[in-house]
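Chemist: below is the sequence, then the predicted model.
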Amino acid sequence: MKVKLNNIINAQASFQKLSTTTMPGKLAYAIARNIRKLEIETKSFDDTRQKLFEKYGEEVEETDEKTKEVKKFKRIQKDNVAQFQIEVGEILESEVEVDIWKIKVADLEKVDLAPNVLLPLEFMTEE
């Protein structure tokens, strides 16, 4: 099935909640399988975004006033923020082919979940 990468990324918190929720075995297996399949796309996105950080970022050092610990990290340079956002946005709008199993809404009724957990999972549900 084709899914926008943005939908997969937005479902991350829902996957976390689902992975700690008790549910019937068959449903749990289907969800765990889908999470595994979708994690591949999430990892690819994270790797690509990190490369964009390297491309458009600069290394910055900050010292914690209390601990005097020096922390190094990458920050997008001000003149590159717009281009960085454009490229990340283009990636998020791309469609990826993912072999996921559709979950029946009726099966999800057996699980106590809030609507804000279910809404991002709409792409992998069916009536």
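Modeler: Looks like it arrived, so ask away. Numbering: from 1, shown residues only.
Chemist: I'd assumed residue 54 was in a strand, is it?
Modeler: No: assigned with DSSP: H, G, I helix; E, B strand; the rest coil, residue 54 falls outside any strand and is helix.
Chemist: how about the strands of the protein, start to end?
Modeler: Remark: strands assigned in the chain by DSSP state E are 2-4, 57-63, 70-76, 95-97, 103-104, 125-126.
Chemist: out of those, nearest to residue 30?
Modeler: The closest of these to residue 30 is strand 103-104. By Cβ to Cβ, the value is 5.9 Å. Heads up, the C-betas are built off the backbone N, CA and C, glycines and all.
Chemist: give the other helices and strands that the closest one contacts.
Modeler: Applying 3 or more Cβ pairs under 8 Å, 6 or more residues apart in numbering; DSSP states H and E, one finds that strand 103-104 contacts helix 25-56, strand 125-126.
Chemist: among those, show the one with the smallest mean pLDDT.
Modeler: Of all these, the minimum mean pLDDT falls on strand 125-126 (a mean of 88).
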